[in-house]
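Trainee: quick one, structure for this:
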Amino acid sequence: MANLGFPFTLGVASGEPAPDGVIIWTRLAPDPLGQDPRRPGGMPDTVVTVRWQVAEDEGFKKVVRQGTARADRRWAHSVHVKVTGLNPATDYFYRFSVGAPFAATVSPAGRTRTAPAASSPAPVRFAFVSCQRYEHGRYTALRHMADERPDVVFQLGDYIYEYGKPANPAPGRYVRRLEPPERVCETLHQYRNRYARYRTDPDLQAAHRAAPWVTVWDDHEVRDNYQGTLPGDGSDPAAFRRRRAAAYQAYYEHLPLRVRPSDSGLQMYRWRPYGRVADFLALDVRQYRTAADMLGPAQERWLMERLAASSARWKVLAQPLFFARRILPGPPPHVSTDAWDGYPALRSRIVNSGVQGLVVVSGDVHNAWAGEIMADFADPSSARRGVEFVGSSVTSASTVTDAQAGVVLGANPHLKFFDGRRGYVMCTVTADDWHTAYRAVDFVDLPGAPVRHVAGFTVRDNRLVPDVV
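Mentor: Numbers count the residues shown, from 1 in each chain. Purely as a prediction, here's the structure:
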């Protein structure tokens with residue numbers, strides 16, 4: 001067999017940091033956008049041995065863990081290595097290499113970082129992002145985020161968008177081309193190639209190389225506004241279940257996850273502890289959802305038990321959807337039932353459960369917001385139970401104007417901040433303090449936008465205290 005091309009076209013990544021280890025990932029794809037579904041990524045139907053190394057230094061002179069993994073066609077020749085035996089709160093570097101059927105090749109190296117030990121008071125500095133529609137713009141914000149070298153990145157959904165190219169794209173909404181033939185994703189092959197299109201982006205690759213990621217999904221990883229096993233548009237439920245299974249498999253194949261999908265789905269809700277400072281609770285707001293219940297009984301029970309048992313200073317819900325009430329301008333005034341406003345009883349059970357140090361980080365709406373979480377949103381004088389930080393999109397467009405946002409802020413006194421630009425959010429968290437900084441870029445239709453600091457907030461007694469400029 002002739003040697004294939006460069007296999008690491010989709011880069012490398014790490015994720016799911018624990019005090020003693022991480023997951024490291026790559027996928028062999030010499031032809032990442034290949035059109036033959038029998039040869040995903042241009043790979044033959046053969047098992048390939050992939051060597052991996054983890055070192056204390058970028059030059060790999062102090063290798064502390066190494067081994068081999070099998071890559072096969074069943075999982076699109078993706079590799080998910082569970083690395084253990086590492087030290088807590090420590091930077092490491094990792095890489096992969098392959099031989100036949102390739103010429104001897106080494107991947108780019110990535111930097112990862114383990115979580116602190118359970119008893120550690122060490123601070124954590126994390127970023128969160130969401131909504132990175134490829135055709136809407138450049139991933140400049142992700143490059144700037146990578147330059148800040150966070151300890152961990154939380155991606156809060158809409159990692160990809162399933163849409164095809166519209167017949168008549170709006171001006172400025174189709175600045176980069178999707179993979180050919182630019183159609184809506186419905187099959188495993190189509191979802192695989194959509195992820196490959198995104199993962200070939202150099203700024204996204206740099207962001208994954210810079211830090212470990214913890215990802216949660218929203219709806220566009222499958223289809224817009226789906227609920228559980230229902231497509232939301234009245235189409236055939238059996239066909240949608242097959243589509244959802246394909247989407248879940250492709251999601252796993254392209255991200256550094258610990259757990260593989262099964263016939264019943266893919267468990268995405270999980271706990272990521274960061275010493276005594278923070279417990280991160282990643283939520284799945286789509287897979288178990290019905291018209292009456294967002295999380296499903298098992299996930300809600302798990303969440304309540306984790307919140308009750310946590311002794312960390314901050315309990316952080318990492319999830320996609322706007323959590324606080326947000327009355328939107330009419331006529332008539334209304335709320336988004338796709339967000340937590342559609343499940344007010346569940347939200348009330350969480351915020352009034354006695355949890356202390358509650359912080360929610362969210363995405364989805366393509367704008368940056370910040371607000372305070374009330375015991376009763378209908379009563380502005382009720383107790384404050386926590387705070388919420390909503391990140392803007394990396395690229396996905398928004399039509400909300402400053403004037404419209406001003407109306408929303410006026411109708412929702414617990415909301416304190418809005419910014420309509422694309423960007424990301426950085427949070428610095430200690431056992432005593434929480435500080436959030438909003439970063440933005442002024443344009444995404446061209447590369448090279450500078451980053452700017454937009455606003456910052458400190459959390460004090462469940463209140464947002466803006467930075468003094």
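
Trainee: could you use CA atoms for every contact and neighbour count after this?
Mentor: Will do.

Trainee: helices or strands up against the lengthiest helix in the chain?
Mentor: Assignment by DSSP state H gives helix 237-253 as the longest helix of the chain. Counting contacts by 3 or more CA pairs under 8 Å, 6 or more residues apart in numbering; DSSP states H and E, helix 237-253 is packed against helix 188-199.

Trainee: could you give the mean pLDDT of the helix it packs on?
Mentor: The average pLDDT for helix 188-199 rounds to 99.

Trainee: contacts for it?
Mentor: For helix 188-199, the surrounding residues in contact (CA atoms under 8 Å, 6 or more residues apart in numbering) are 10-11, 32-34, 37, 40, 134, 160, 162, 178-179, 184-185, 204-205, 243, 246-247, 249-251, 254.

Trainee: buried among those? Need that as a selection in PyMOL.
Mentor: This is the PyMOL syntax for the buried subset of the contacts of helix 188-199, where burial follows 16 or more other CA atoms under 10 Å:
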select buried, resi 10+11+32+33+34+40+134+160+162+178+179+184+185+204+205+243+246+247+249+250+251+254
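
Trainee: quickly find the element holding the spatially most central residue of the chain.
Mentor: By CA atoms, centre = their mean, the mean C-alpha position of the chain lies nearest to residue 155, the distance being 1.6 Å. Following DSSP states H and E, one finds residue 155 within strand 152-156.

Trainee: what is residue 213 paired to in the beta sheet?
Mentor: Assessed by DSSP bridges, residue 213 has beta-bridge partners residue 15, residue 153.

Trainee: now it: how far from residue 15?
Mentor: Distance, residue 213 to residue 15, by CA to CA, to the nearest Å: 4 Å.

Trainee: overlap in contacts, these two.
Mentor: By CA under 8 Å, 6+ apart, the residues touching both residue 213 and residue 15 are residue 256.

Trainee: mind checking the backbone torsions on residue 440?
Mentor: Dihedral pair for residue 440: phi -150, psi 150, per degrees, to the nearest 10.

Trainee: give me the element the closest residue to it other than its chain neighbours is part of.
Mentor: Excluding the flanking residues, the one nearest residue 440 by CA to CA, 6 or more residues apart in numbering is residue 423, at 4.1 Å. For residue 423, the enclosing helix or strand under DSSP H and E is strand 422-429.

Trainee: the helices in the stretch 151-300 of the chain, which residues?
Mentor: 188-199, 202-210, 237-253, 297-309 (DSSP state H, counting those that start in this stretch).

Trainee: now render these as JSON lines, adding distance to residue 388.
Mentor: Output for those, formatted as JSON lines (distance: least, CA to CA, whole Å):
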{"stretch": "helix 188-199", "distance to residue 388": "29"}
{"stretch": "helix 202-210", "distance to residue 388": "24"}
{"stretch": "helix 237-253", "distance to residue 388": "27"}
{"stretch": "helix 297-309", "distance to residue 388": "16"}
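
Trainee: one step back: in the strand holding residue 423, what's buried?
Mentor: Neighbour-count burial for strand 422-429 flags 422, 423, 424, 425, 426, 427, 428, 429 (criterion: 16+ other CA under 10 Å).

Trainee: what pLDDT, on average, does the strand holding residue 155 get?
Mentor: Strand 152-156 shows a mean pLDDT of 99 in the predicted model.

Trainee: now tell me what touches that strand from outside.
Mentor: Contacts for strand 152-156 (CA under 8 Å, 6+ apart): 17, 113, 125-131, 211-218, 318-320, 362-364.

Trainee: let's see 6 Å
Mentor: Residues outside strand 152-156 that contact it (CA atoms under 6 Å, 6 or more residues apart in numbering): 126-130, 211-216, 319-320, 363.

Trainee: and for stretch 413-424?
Mentor: With CA under 6 Å, 6+ apart as the test, stretch 413-424 has contacts from 129, 141, 367-372, 392-394, 409, 439-441.

Trainee: can you give me the neighbour number for residue 327?
Mentor: By other CA atoms under 10 Å, the residues close to residue 327 number 17.

Trainee: pretty sure it contacts residue 336?
Mentor: No. With contact defined as CA atoms under 6 Å, residue 327 does not reach residue 336; the gap is 8.1 Å.

Trainee: what's near enough to touch residue 233?
Mentor: For residue 233, no contacting residues are found, by CA under 6 Å, 6+ apart.

Trainee: could you report the separation of it from residue 227?
Mentor: Residue 233 is 10 Å from residue 227, where distance means CA to CA.

Trainee: can you pull out the low-pLDDT segments for the stretch 1-150 of the chain?
Mentor: Applying pLDDT under 70 to the stretch 1-150 of the chain flags the ranges 1-2.

Trainee: where along it do the strands fall?
Mentor: Remark: strands assigned in the stretch 1-150 of the chain by DSSP state E, counting those that start in this stretch are 12-18, 21-27, 48-55, 63-71, 78-83, 91-98, 105-106, 110-113, 124-129.

Trainee: still on that earlier bit, avg pLDDT for the longest helix of the chain?
Mentor: Averaged across helix 237-253, the pLDDT comes to 98.

Trainee: contact partners of it?
Mentor: With contact meaning CA under 6 Å, 6+ apart, helix 237-253 is reached by 78, 186, 188, 192, 222, 229, 230.

Trainee: which of these count as buried?
Mentor: When the contacts of helix 237-253 are checked for burial by 16+ other CA under 10 Å, the buried set is 78, 186, 188, 192, 222, 229, 230.

Trainee: let me know the closest of those to residue 466.
Mentor: Residue 466 lies nearest to residue 222 out of those, by CA to CA, at 37.3 Å.

Trainee: find the nearest non-adjacent residue to the closest one, please.
Mentor: What sits nearest to residue 222 in space, not counting adjacent residues and going by CA to CA, 6+ apart, is residue 247, at 5.5 Å.

Trainee: residue 275 - nearest residue in space that isn't next to it in sequence?
Mentor: residue 118 (4.2 Å).

Trainee: do residue 350 as well
Mentor: Nearest non-adjacent residue to residue 350, counting by CA to CA, 6+ apart: residue 304, 7.3 Å away.

Trainee: pLDDT score assigned to the one you found?
Mentor: You'll see residue 304 listed with a pLDDT of 99.

Trainee: for residue 435, same thing?
Mentor: On the pLDDT scale, residue 435 is placed at 99.

Trainee: and it, what does it touch?
Mentor: 427, 428, 457, 458.

Trainee: how long is stretch 51-63 end to end?
Mentor: First-to-last residue span, stretch 51-63, CA to CA: 13 Å.

Trainee: who touches that stretch?
Mentor: For stretch 51-63, contacts defined as CA under 6 Å, 6+ apart pick out 64, 65, 66, 67, 68, 92, 93, 94, 95, 96, 97.

Trainee: and for stretch 97-111?
Mentor: By CA under 6 Å, 6+ apart, the surrounding residues in contact with stretch 97-111 are 3-4, 8, 50-51, 92-96, 209-211.

Trainee: can you pick the most crowded of the residues you listed?
Mentor: residue 211 leads these on contacts (other CA under 10 Å) with 30 neighbours.

Trainee: how many neighbours does the nearest residue to that residue once chain neighbours are set aside have?
Mentor: With CA to CA, 6+ apart as the criterion, residue 211 has its nearest non-adjacent residue at 4.9 Å, and that residue is residue 112. The tally of other residues near residue 112 (other CA under 10 Å) stands at 29.
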